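Asks: just coords:
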């Protein structure tokens, strides 16, 4: 009975928090619409034309390719000699392979660097339905992709990509070539503990509850010509500290990708699928086996550093490197510092 009561209370709490933050979002959208509306009141919800990809996506020291996996076709970008050791990069939300542009350019000289577009993103297939975006399905995609690319890899992940790294380290450690780099996402057990015990982390996680609402998050994401992207990347406290590392052309690359057909709902479904298993998902009690480097931008507006510190205790061999002048988007914000830390770690 206590388990049933806990489940009911958990579901009730999620519904209440989702309703509250959805109402807040509706109100804020109304205010923005009122400030920006034209005589018809329609332009706020109509994005500009972003069909033409900017040059930064079509010109670069990388090539594009596809992997036919069991359940999806996955798009990827790679740089470097195929004979070199493999390094696989996993992006987060709301990103795609391009969030690793600095790492692709830097590590291509010594490694075969492959940045994946994960399930539901950019030119990778977008299955319909929330259940298709549970973390185990995404992790299975990545595991199969690594196998097709040649097997063991240095694994790098940021945000949702980092969560998938944690899962693979627990479920398929043999795929990781003894080195894993995590950026600005704690071990899932550490995150759940901080959400339960720290009110600051619960408050910072407000958007996860708002994303549970149908339709509204998609409207929020696309409204005012994808102003959401400008907010998360360019507006403090959520945006990059070093704005020179995200140019207007870079931002246009993001708008181009997320203006494609059905490009917004699948990434949001990661959060919807994740919330459905909150409190019911059990992770291995064994410490994470691969040697792990956690890189953390201290000016992360979404995640407390306590989660990173707790993650160290859940690994067999791990260290935390904090970067005071970096945001959540650490690999884009301070690429030289991130690349140097990774270089030193994987030598």
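Replies: Thanks, I have the structure now. Since the structure is predicted, the reported quantities are computational estimates derived from the model, not experimental observations. Numbering: from 1, shown residues only.
Asks: isn't residue 310 right up against residue 188?
Replies: No: counting by Cβ atoms under 8 Å, residue 310 stays clear of residue 188, with 11.1 Å between them. Placement of C-beta: from N, CA and C, glycine included.
Asks: any idea which element the most centrally placed residue in the chain lies in?
Replies: Among the residues of the chain, the one closest to the centroid is residue 92, at 1.5 Å (Cα atoms, centre = their mean). Following DSSP states H and E, one finds residue 92 outside all helices and strands.
Asks: What of residue 181?
Replies: strand 176-183.
Asks: For the residue nearest to the centre of the chain, give me its contacts.
Replies: 99, 157, 158, 159, 160, 161, 162, 185 (Cβ atoms under 8 Å, 6 or more residues apart in numbering).
Asks: List only buried entries from these.
Replies: For the contacts of residue 92, a neighbour count by 16 or more other Cβ atoms under 10 Å gives the buried set as 99, 157, 158, 159, 160, 161, 162, 185.
Asks: Of the residues you listed, just say which sits nearest to residue 63.
Replies: residue 99 (17.9 Å; Cβ to Cβ).
Asks: Confirm for me that that closest one is in contact with residue 330.
Replies: No: Residue 99 is not in contact with residue 330 according to Cβ under 8 Å; the separation is 10.4 Å.
Asks: what sits in contact with each of these two?
Replies: Joint contacts of residue 99 and residue 330 (Cβ under 8 Å, 6+ apart) are residue 158.
Asks: can you give me the helices for this structure?
Replies: With DSSP state H as the criterion, the chain has helices at 2-36, 55-58, 101-107, 135-149, 160-171, 188-197, 199-204, 206-210, 216-234, 248-258, 265-276, 305-312, 330-333, 335-346.
Asks: still on that earlier bit, save the contacts of residue 92 as CSV, and put in distance to residue 150 too.
Replies: Shown next, in CSV, are the contacts of residue 92 (distance: Cβ to Cβ, whole Å):
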residue, distance to residue 150
99, 23
157, 19
158, 22
159, 25
160, 24
161, 19
162, 22
185, 26
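Asks: Tell me which other helices or strands the lowest-mean-pLDDT helix or strand in the chain touches.
Replies: Lowest by mean pLDDT, DSSP states H and E among the helices and strands of the chain is helix 2-36, with a mean of 81. With contacts taken as 3 or more Cβ pairs under 8 Å, 6 or more residues apart in numbering; DSSP states H and E, helix 2-36 sits against helix 206-210, helix 216-234.
Asks: follow-up on the earlier one: okay, the buried ones among the contacts of residue 92 in CSV with distance to residue 231 and pLDDT next?
Replies: CSV is the format used below for the buried ones among the contacts of residue 92 (distance: Cβ to Cβ, whole Å; pLDDT from 0 to 100):
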residue, distance to residue 231, pLDDT
99, 16, 99
157, 23, 99
158, 19, 99
159, 16, 99
160, 18, 98
161, 21, 99
162, 22, 99
185, 20, 98
